[in-house]
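Undergrad: kindly return the folded structure for what I paste below:
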Amino acid sequence: MAQPDPRRVNIGRRTFGIGVAAASLATALGTASPASAAPPWRPRNPFDETTLWDNTVDPLESYHVHGLAVLPDDTILVATEGRHEVCDAGPRDLVMRRSNDGGDTWEPTQTLVASVDGQSWGNPTFVVDRVTGGIFLFYMLSILLPENTGCSGDIGDLYMISSADGGRTWSEPREMSGLFDHFPYDWALHGPGPGHGIQLDNGRLLLNCSHRRVIMGNTVEQRYYGVASIYSDDHGETWQTTAEVPVSVAYPINEARVVQRSDGTVLVNGRAAAGGNRQRIVSVSADRGLTWSPPRLDGSTGTFNAVDASLLRYTGGPGASEPSRVLFSRPDSPVRTNMTVSISYDEAHSFRYSRVINEGRSYYSELARLSDGTILLVYGCDGDNPSFPRRVVLCRFTLEWLTDGRDYLRTGPRYNERLVDLSTGAQATGGTVSTVADPVARGGNRAVFTSNQTGAHVEYTVNVPTTESYELLLRYFRVAAGGLVTVTVDGRRVPNAVLDTTADRADGYDVAQLGAVQLKAGQHKIRFTASGVGRGGGRLVSLDTLSLIDAPSQADVRGEVVVDNDELGYEVVSGVWSAATGVAGYRGGNYRSAPAGTGERVVRWRPVVPHDGDYEVQVSYTAHENRASNAPFTIVHAGGTSVVRIDQRKPGTTEPRGGSWVSLGKYRMTAGPARIELSNAANGFVIADAVRLLP
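TA: Modelled structure (predicted):
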């Protein structure tokens with residue numbers, strides 16, 4: 001879909017000068033360390049951690065929302081909000097710490113922008129020009145309307161300070177109000193980043209900014225959450241706005257990051273503003289950020305708490321000869337716990353290896369790298385507040401540590417991908433295939449298979465160059481009318497053969513690890529069969545790409561199927577089940593409860609079993625003395641139906657990713673949607689939270 005021409009607004013010249021660097025742009029944007037750089041960090045251990053701020057030691061109440069920059073000489077700058085109150089719109093300073101030796105030592109905290117008379121400064125976001133050495137720190141002044149008794153600002157104006165001496169001194173603030181007034185959404189709050197902007201291959205400086213209407217008088221849907229970036233083509237002398245990511249209530253994109261892919265396109269990847277356990281929202285630009293494609297959900301990083309997360313080009317990019325690597329950090333959990341960093345070798349379409357940094361409380365995060373390849377992660381952690389951290393730490397670790405020895409800068413990941421574009425070459429039986437243009441698809445198009453009967457299929461002929469064991473990774477499109485699909489190769493089911501292509505909250509892309517298959521050199525038939533109705537009642541199947549991956553190690557995949565009480569696959573069969581959060585231990589945003597009765601209230605979970613086999617069925621609930629001692633769970637399995645009564649007064653086993661889990665036993669399951677039910681035919685309150693299957 002074509003985007004409108006961007007409407008550009010210029011702002012005034014900078015109040016300071018930055019000399020032109022002698023190095024060429026290509027050299028400046030490379031990964032080589034300049035001659036003047038500090039000696040690179042040589043870790044005694046492959047991982048270490050330094051506390052930068054701790055609210056039990058440092059003077060302010062909280063430190064939250066971070067910006068991170070590494071300068072061409074490996075100087076590290078970390079900025080954060082120093083909060084006088086635990087509040088998003090309370091008095092906030094912007095404070096910074098600086099290291100000129102790769103993070104071995106740190107200068108004392110410096111206040112860059114001080115709160116005067118309760119001013120609330122937030123969202124520190126760095127942009128570094130690697131040609132001139134200029135540093136730009138963008139931030140926001142948040143203002144509450146008088147009638148707003150909450151703690152989230154209604155109005156937010158954009159400001160910027162800059163440094164020409166490596167962050168030692170900073171210019172006077174520049175107010176950038178009015179920059180977004182021409183957009184037709186009545187946006188009132190304009191938040192940069194947070195984190196960092198990027199410099200593109202042509203030298204353009206690009207910074208994501210998120211926007212919304214005032215809170216007062218507007219529902220979440222009426223706030224028109226959206227993204228429109230700013231950019232500079234003259235090394236920060238002037239800044240202009242890009243077009244917006246097309247605004248959609250179904251895609252309330254908020255805090256986000258941008259990264260340039262190897263083909264020159266730019267990806268924006270952002271959180272959902274409405275909170276909850278959500279997939280990320282993405283959009284792409286084919287003109288270096290000037291216009292953006294319609295947004296989509298993207299399951300490449302999984303489903304986790306709606307929180308600010310970081311995305312970083314680690315190696316590769318346009319014109320680079322080294323492997324493409326993109327890093328992603330987030331609390332990988334329905335709540336803010338389990339800080340995890342993952343790595344992608346396919347331009348952030350999927351993430352192959354992951355490592356948990358901290359299983360405990362984890363909040364906003366930000367990534368960078370030093371010239372020797374050391375990865376830097378700044379994130380909030382610890383404490384008892386579910387939304388705000390006690391400490392802000394900087395971690396340093398190697399690529400080898402992150403990938404557990406499966407990737408080295410010197411030798412590479414030994415990762416080879418053969419990509420099959422499923423938008424072409426389909427042979428349909430029992431239905432029709434059409435092609436839909438979509439810039440978020442890997443090749444710009446995807447196939448849509450409309451079947452007229454169960455068993456209809458589309459088939460592709462794939463030429464395999466060498467005999468190998470290949471991992472199969474499917475990228476597909478989820479829609480409300482999505483159906484079940486079964487995948488076979490040469491007539492045999494792949495290890496994880498069955499999936500449901502139904503959308504959960506909105507349309508979007510997802511990836512499925514289909515497992516490893518031994519293939520001989522030559523032609524093979526890969527078939528996608530419309531094998532049943534999806535959990536939304538539809539039959540549509542939409543396919544993007546199939547990757548045949550040759551690598552020495554398997555991808556990191558959790559071998560579980562989970563359905564929470566507010567996700568696709570959970571349904572209320574009868575009666576009223578009230579949402580609650582009063583007792584800790586639940587998975588996701590809440591749990592459901594019903595009082596003791598005779599079975600007139602029933603809920604059902606329908607996890608999709610990926611292959612025939614034996615599975616342990618587990619349930620999560622919150623324990624309390626008023627719970628039933630005989631909550632009846634009904635499991636439908638290949639051998640029939642079993643009823644297991646659980647004493648919900650007794651807690652289960654808690655895990656870093658949330659939930660308090662108890663086993664219902666092991667059962668033989670048939671591929672496709674399973675069925676587990678719970679009724680209130682019990683002697684106390686029954687709790688419906690989450691169900692999972694473990695093969």
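
Undergrad: tell me the domain ranges of the protein?
TA: 34-402, 416-550, 561-694 (automatic domain parsing).

Undergrad: in JSON lines: those, plus mean pLDDT and mean neighbour count.
TA: Any C-beta I mention is one placed from the backbone N, CA and C, and that applies to glycine too. Shown next, in JSON lines, are the domains of the chain (pLDDT from 0 to 100; neighbours: other C-beta atoms under 10 Å):
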{"stretch": "domain 34-402", "mean pLDDT": "95", "mean neighbour count": "20"}
{"stretch": "domain 416-550", "mean pLDDT": "97", "mean neighbour count": "19"}
{"stretch": "domain 561-694", "mean pLDDT": "97", "mean neighbour count": "19"}
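
Undergrad: closest to Tyr408 out of those?
TA: Set against Tyr408 and scored by C-beta to C-beta, these come closest in domain 34-402, at 5.5 Å.

Undergrad: tell me how far the closest one lies from the chain's centre.
TA: When distances are taken as C-alpha atoms, centre = their mean, to the nearest Å, domain 34-402 is centred 13 Å away from the chain's centroid.

Undergrad: follow-up on the earlier one: and the domains of the chain: which comes nearest Leu409?
TA: Checking these against Leu409 by C-beta to C-beta gives domain 34-402 as the closest, at 4.8 Å.

Undergrad: find the nearest non-adjacent residue to Gly569, please.
TA: Val563 (4.0 Å; C-beta to C-beta, 6 or more residues apart in numbering).

Undergrad: and that neighbour, what does it touch?
TA: By C-beta atoms under 8 Å, 6 or more residues apart in numbering, Val563 lies in contact with 569-570, 605-607, 690-692.

Undergrad: make a markdown table out of the domains of the chain and add distance to Leu409.
TA: Converted to a markdown table, the domains of the chain look like this (distance: least, C-beta to C-beta, whole Å):
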| stretch | distance to Leu409 |
| --- | --- |
| domain 34-402 | 5 |
| domain 416-550 | 18 |
| domain 561-694 | 29 |
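
Undergrad: quick one: strands adjacent to whatever helix or strand Arg493 lives in?
TA: Element membership for Arg493 (DSSP states H and E) is strand 492-500. Strand 492-500 pairs in its sheet with strand 484-489 (antiparallel), by DSSP bridges.

Undergrad: quick one: the helices in this structure?
TA: For the chain, the helices defined by DSSP state H occupy 25-28, 399-402.

Undergrad: so which elements touch the last one?
TA: Where contact means 3 or more C-beta pairs under 8 Å, 6 or more residues apart in numbering; DSSP states H and E, helix 399-402 is packed against strand 337-344, strand 353-369.

Undergrad: what residues does it touch?
TA: 46-47, 314, 325, 327, 341, 343, 353, 355, 373, 375, 407-409.

Undergrad: so the residue of the chain positioned farthest from its centre versus Trp605, what's the distance?
TA: In terms of distance from the mean C-alpha position of the chain, Thr598 ranks first, at 42.8 Å (C-alpha atoms, centre = their mean). Taking C-beta to C-beta, to the nearest Å as the measure, Thr598 falls 21 Å from Trp605.

Undergrad: Ser642 too?
TA: On the measure of C-beta to C-beta, Ser642 and Trp605 end up 15 Å apart.

Undergrad: I figured Ser152 hits Gly122, correct?
TA: No: the pair Ser152 and Gly122 does not pass the contact test of C-beta atoms under 8 Å, sitting 10.7 Å apart.

Undergrad: joint contacts of these two?
TA: Common neighbours of Ser152 and Gly122 (C-beta under 8 Å, 6+ apart) are Asp88.

Undergrad: rewinding a little: which one of the helices and strands packed on helix 399-402 lies closest to Gly559?
TA: Using C-beta to C-beta, the helices and strands packed on helix 399-402 put strand 353-369 closest to Gly559, at 13.8 Å.

Undergrad: can you check what angle separates the closest one from strand 337-344?
TA: Using axes from the mean of the first three to the mean of the last three C-alpha atoms, to 10 degrees, one finds that strand 353-369 and strand 337-344 are set 90 degrees apart in direction.

Undergrad: from memory Leu206 sits against Gly197, does it?
TA: Yes: in this structure Leu206 lies within contact range of Gly197 using C-beta under 8 Å: 5.7 Å.

Undergrad: joint contacts of the two?
TA: Val258.

Undergrad: tell me how far Met339 lies from Pro389.
TA: For Met339, the distance to Pro389 - C-beta to C-beta - is 11 Å.

Undergrad: residues that sit against both of these two, list them.
TA: By C-beta under 8 Å, 6+ apart, the residues touching both Met339 and Pro389 are 379, 381.

Undergrad: contact partners for the most centrally placed residue in the chain?
TA: Geometric centre of the chain, nearest residue: Arg280, 4.7 Å, by C-alpha atoms, centre = their mean. Neighbouring residues of Arg280 by C-beta under 8 Å, 6+ apart: 269-272, 297-298, 300-301, 309.

Undergrad: identify the bridge partners of it.
TA: Beta-bridge pairing for Arg280 (DSSP bridges): Asp298.

Undergrad: from Pro146, how far off is it?
TA: Counting by C-beta to C-beta, the gap from Arg280 to Pro146 is 35 Å.

Undergrad: could I get stretch 168-184 in PDB with only the CA atoms?
TA: Included here for stretch 168-184 are C-alpha records, laid out as PDB according to Å, rounded to 0.1, in the frame of the first residue of the first chain:
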ATOM      1  CA  ARG A 168      31.700  16.000  28.900                       C
ATOM      2  CA  THR A 169      29.800  19.200  28.400                       C
ATOM      3  CA  TRP A 170      26.400  19.800  26.900                       C
ATOM      4  CA  SER A 171      24.600  22.700  25.100                       C
ATOM      5  CA  GLU A 172      21.700  24.700  26.300                       C
ATOM      6  CA  PRO A 173      18.400  22.900  25.800                       C
ATOM      7  CA  ARG A 174      16.600  23.300  22.500                       C
ATOM      8  CA  GLU A 175      12.800  23.200  22.600                       C
ATOM      9  CA  MET A 176      11.300  21.400  19.600                       C
ATOM     10  CA  SER A 177       7.600  22.000  20.200                       C
ATOM     11  CA  GLY A 178       5.400  22.200  17.200                       C
ATOM     12  CA  LEU A 179       7.300  19.600  15.300                       C
ATOM     13  CA  PHE A 180       4.300  17.200  15.100                       C
ATOM     14  CA  ASP A 181       1.500  19.700  15.000                       C
ATOM     15  CA  HIS A 182       0.700  19.000  11.400                       C
ATOM     16  CA  PHE A 183      -0.400  15.400  12.000                       C
ATOM     17  CA  PRO A 184      -4.200  15.000  12.000                       C
END
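
Undergrad: which stretches in the stretch 451-600 of the chain count as strands?
TA: Per DSSP state E, counting those that start in this stretch, the stretch 451-600 of the chain carries strands over the ranges 457-464, 468-478, 484-489, 492-500, 508-519, 522-532, 541-550, 561-564, 570-574, 578-580, 591-594.

Undergrad: check the offset of the fourth one from the chain's centre.
TA: Think strand 492-500. For strand 492-500 - counting by C-alpha atoms, centre = their mean - the centre lies 26 Å from the chain centre.

Undergrad: can you pull the contacts of Gly82?
TA: 53, 60, 63, 92-95, 109, 111.
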